[in-house]
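Q: Sequence first, then the predicted structure:
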There are 2 protein chains.
Amino acid sequence: MLINVERLLTMMEKRRLDGLVATTLENVHYFSGVWSISLRMFPHEGQCYAIVTRDRPTEPVVVSSTGEVDQVLDGYPQIRGTVNFGTFYRELPEGVELTAQESRLKAMSVDPVGAAGPLDGLIDALHKMGLADQRVGVDEMGLRAGFFDALGERLPEMDVVPASDLIRWVRRVKTAEEIHRIRAVARITENAILAAVAIAREGVTEEEMAREFLRSIVSQGASPRFNLIRFGRNAVAGQIEPDRTPLKKGDIIWFDVGCVYRGYWSDIARNFCLGEPDPRARQLYRAMLEGEERAIAEARPGMTGGELFDLTMDAVRQAGAEHYRRHHVGHGIGAEVYEQPLLAPGVETKIEAGMVINVETPYYEFGLGALHVEDPFVVGSDGDNVLLTTMGRDLHIIDP
Amino acid sequence: MLINVERLLTMMEKRRLDGLVATTLENVHYFSGVWSISLRMFPHEGQCYAIVTRDRPTEPVVVSSTGEVDQVLDGYPQIRGTVNFGTFYRELPEGVELTAQESRLKAMSVDPVGAAGPLDGLIDALHKMGLADQRVGVDEMGLRAGFFDALGERLPEMDVVPASDLIRWVRRVKTAEEIHRIRAVARITENAILAAVAIAREGVTEEEMAREFLRSIVSQGASPRFNLIRFGRNAVAGQIEPDRTPLKKGDIIWFDVGCVYRGYWSDIARNFCLGEPDPRARQLYRAMLEGEERAIAEARPGMTGGELFDLTMDAVRQAGAEHYRRHHVGHGIGAEVYEQPLLAPGVETKIEAGMVINVETPYYEFGLGALHVEDPFVVGSDGDNVLLTTMGRDLHIIDP
C-alpha cells in the first residue's frame, strides 16, 4: 500500500474532511492501487474515482465504468467495494463454475445495475458511504468540466472542498513502499541507459540509440514516458525527437530520460562521450556534478526549496562555472514527475525527511549541447540522505 | 499537414470565428505538428497552444514554454511564429557559428523575453494576431482550470466561444495525410501482434507475449498505449494486467491493443488459438466476424451511428449468436482513440465519406474468455470502403 496514512489523517483532521475523492490517474492509484485504463486512454472524458473516509482511510470504494471494473482486481486487497456505471456485457452461461476472481468480477459487474454515468456513480458511492451530508474533499483536477459544481448542486447538504493540492501535500512525504518503487523505476532507467550506450559507436544514430533504450524499458515491464537522447550540439535543442544524426568521435551523448513503473516515475540524466571530450566541456561538467553532489550531501529537513537552490547554484559557480544560470535545479518526484518542493529561487516550501528529490544541474550551450546529471535521493532526518541510483555520475568515456 | 482546411473554414464561417486556439495534445498537433512534451508529461498543468486565424488557417502561431519551444522545429514548416513563456537558459558564447536550426531556436528562445506564464503568453499571441477584439473559439478541454474565464476577463473585447467540440467535428473527416498515418499505425500494430504470436507455444506467459508485443511497437518508433493480451478464460477480465498465466493447448489468445505513431492511434483486436478451438467458440467467432464484415461492407455516408450499430448487431445475431448483446460496436479513430461517430443504439451522428471508423464486435463470456475482431476502415463515398489493416481476420490457428 502506498498511502502515507499518518499524513493523510493529519490533513483530513486539520481540514475537517470526513471523506476524500481521488480523481486523477496518480491519485486513484495512490488510494486504491487501480491503474485506470480509462484515465490513460481518455484523458479528457475518462473518469474513475477512489473514495476514502477518515475512519477507514486505507479502504477505498472505487467508482469505475462497468467495462473496466475488472481492474479493481489488480488493486489493493483492502478495497471496500465498488460502484459501477455504464453498460458492459460479460455473459454467464448456466453451469459455468467460476474461479474466485471471476466470482468477484461477477459480483462487481454482472449482478449490480450500473449507474447511468460517472457522476451518478460518484453520487451513489457518496450516499452509500454516508458522505452525502458530510464535508468531502474532491480532487478537482481529474473531474470532467462541470462535475465539481454539479456535485454541489446534486448533494446540497454535502460540503465540497477542492482537494487536489491537499492530496499533493500528503504525497510529498513518501512511504517505504513508494521509495521502494521509485528506486525500482530508477534502476530500470539506469539499465536502459546502459543498454542504449552499449550500442554506441561511430555512425550509430540518435534514433537507434533511443529505440534500444525503449526496448530495454518495455522489456523490464515499465512504460516509456520521455527519452531525450541527443548527440553533441544537437542537445541544445533537446526536445526535438531523436533523429538520424550519426555519432562522431568526441560527441557528448545526452540522456534525459524517464519512464513509469508500478505508478512511479523516473527522471534521470547522464552524459557519455565517445572518446575524449573537449577539456572545457569536461571542466564545466565537473562544476555541474559538484552542484548536484553538494545538493545531495547538504539537503536537510527544514531548508526551503529556495535555500537548496541557492546552495546548489553557489556550488556550481564556485566549482568553475561562474556564468551558470538556471531557473530550477530539481523537484520532488513520485506519482508525478514534478512534485513539490521545486528547487527554485525564493520557493518557501520546506524540505522534509522522507521526501524524494530529483536534483539536477543541466547546462545548455549552443555549439556544445547539454551537460546534465540528474538523480533522485531520499531526504534523511539528519544528513543520512540516500541516493536512489547506482551508476556512476561522472562524464563517462566510451572507448571509441 | 493534417488539417482538413475545407471543413475547418466551413466551421469557422458558420460559427463566425475569426480565430481558434488549440490546447490539447491532439489539437495542438493537428494545427501545428508540434507533439508537446509538456502536455504529455504534465497532464494537469502543462500548457501549449496553437492558434490559427480564418484568413491563414494553416499557419499557426505556437505558444510554448521557453524550455520546450525547440519542439516547434519538429512542427509544420508553415508555422507563422512563436510566443514563449517562462524562463529557460541556453547559453550562446561569443563566436559560435550557428546552424540554420540553431538560429531559428535562438530567435525563438534566446532573443525574446518570455511572457510570465502560459496565460500571459496566450494573451500576447492573441494581441499580436489581431484577435484580442475578435470572436475566438477556444478549445477549453486542455486549458488549466480558470483560464477560460480569465481570458474573458483579461480580454473583455474578445468574444470567447468554447470550441473543443467544434474542433472534434472538423477532425471527424480525415485528410489523405491522416489516413496515411492511421494506416501506418495499424500496420505497426499488426506487425507487433505477429511478433508476439511468433513466440506462442505451450508455457509462454501472457506477460512474455505482452513484452514481445511492446518491443516490436517501440522498435517501429511507435508509443505503446494499451496492450490487453490474455489467454483463455482470463480474457473475460481483460483489463487486468497480463500476468504469469502460461499458454495451454486449446487456449484462445486475445489481443486488444493499440499504440500511437506520429500522433495517430490504432485499436486492433484479434484472436489466435493454440491448436484447435472449442467448436462453440469457433462458431461464435464466425458470427462476430460476420457482423464486423457486414459493417465494413455496408457502411455508407448518410447512415447514422445508430443505424450502423443495428445493422452490425443484426448480422451477428443472424449468423448464429442470437444472444449477442453489446453497448457499442465501434467508434471513429484518429488523433484520439474514440472519436465520433460512436456506433451505438440511437446515435444520430451521420456517417460521412472520409471518416475512419474502427469497427468491432467483442464478445466476453465467463469460462470462455473473449472473442473479438476489430479494424479501422475508411468510409468511401458510395460503398468503396477501404480496410486499413492487412492481416487475416479469421480465428487464426497456431500449430502447437
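A: Looks like it arrived, so ask away. Numbering: from 1, shown residues only, chains lettered A, B, ... in the order given.
Q: Quick check: residues of the stretch 101-250 of chain A near chain B?
A: Proximity of the stretch 101-250 of chain A to chain B, by C-beta under 8 Å from any C-beta of the partner chain, involves residues A:101-102, A:105-106, A:140-142, A:145, A:164, A:207, A:211, A:214-215, A:217-219, A:221, A:223-226, A:233, A:236-241. Placement of C-beta: from N, CA and C, glycine included.
Q: Kindly give a single PyMOL line that selects the buried subset of those.
A: Paste this into PyMOL to select the buried members of those, with burial taken from 16 or more other C-beta atoms under 10 Å in any protein chain shown:
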select buried, chain A and resi 102+105+106+140+141+142+145+164+211+214+215+217+218+219+221+223+224+225+226+233+236+237+238+239+240+241
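Q: Narrow the residues of the stretch 101-250 of chain A next to chain B to those in helices?
A: A:101-102, A:105-106, A:164, A:207, A:211, A:214-215, A:217-219 (DSSP state H).
Q: What residues of the longest helix seen in chain A count as buried?
A: Longest helix in chain A, counting residues (DSSP H): helix A:176-197. Within helix A:176-197, the residues that count as buried by 16+ other C-beta under 10 Å are A:178-179, A:181-193, A:195-197.
Q: how about A:Arg230, secondary structure?
A: Using DSSP: H, G, I helix; E, B strand; the rest coil, the structure places A:Arg230 in strand.
Q: On the pLDDT front, check it for me.
A: Listed pLDDT for A:Arg230 reads 98.
Q: What's the separation between A:Phe272 and B:Asp124?
A: To B:Asp124, A:Phe272 is 40 Å away according to C-beta to C-beta, to the nearest Å.
Q: can you map out the helices along chain A?
A: Along chain A, the stretches classed as helices by DSSP H are A:5-14, A:25-32, A:37-41, A:100-109, A:118-128, A:147-154, A:164-171, A:176-197, A:206-219, A:279-298, A:305-318.
Q: and among the ones you listed, the most buried is which?
A: Ranked by mean neighbour count, the helices of chain A are led by helix A:25-32 with a mean of 28 (mean count of other C-beta atoms under 10 Å in any protein chain shown).
Q: Check which helices and strands that helix is in contact with.
A: Counting contacts by 3 or more C-beta pairs under 8 Å, 6 or more residues apart in numbering or on different chains; DSSP states H and E, helix A:25-32 packs against strand A:19-22, helix A:37-41, strand A:49-53, strand A:56-65, helix A:164-171.
Q: Outside of it itself, list whatever touches it.
A: With C-beta atoms under 8 Å, 6 or more residues apart in numbering or on different chains as the contact definition, helix A:25-32 has outside contacts at A:2-3, A:20, A:22, A:34-36, A:39-40, A:48-52, A:60, A:62, A:72, A:75-76, A:79, A:139, A:142, A:164, A:167, A:171, A:263, A:335-336, B:43.
Q: Now do it, average pLDDT.
A: 98.
Q: Please work out how many residues are found near A:Thr390.
A: Neighbour count of A:Thr390, defined by other C-beta atoms under 10 Å in any protein chain shown: 11.
Q: Now it: closest residue in space that isn't a chain neighbour?
A: A:Glu190 (6.4 Å; C-beta to C-beta, 6 or more residues apart in numbering or on different chains).
Q: Hmm, A:Met391 and that neighbour touching each other?
A: Yes: A:Glu190 is within contact range of A:Met391, at 4.9 Å (criterion: C-beta atoms under 8 Å).
Q: which parts of stretch A:241-250 are buried?
A: Using 16+ other C-beta under 10 Å as the burial criterion, the residues of stretch A:241-250 that qualify are A:241-242, A:245, A:247.
Q: averaged over its residues, what pLDDT does stretch A:286-297 have?
A: 98.
Q: Say whether chain B is contacted by that stretch.
A: No: on the criterion C-beta under 8 Å from any C-beta, stretch A:286-297 is out of touch with chain B, staying 12.6 Å away.
Q: before we move on, back to that, mind giving me a markdown table with the helices of chain A and columns for distance to B:Asp159?
A: Converted to a markdown table, those look like this (distance: least, C-beta to C-beta, whole Å):
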| stretch | distance to B:Asp159 |
| --- | --- |
| helix A:5-14 | 42 |
| helix A:25-32 | 35 |
| helix A:37-41 | 34 |
| helix A:100-109 | 46 |
| helix A:118-128 | 30 |
| helix A:147-154 | 23 |
| helix A:164-171 | 31 |
| helix A:176-197 | 47 |
| helix A:206-219 | 45 |
| helix A:279-298 | 49 |
| helix A:305-318 | 41 |
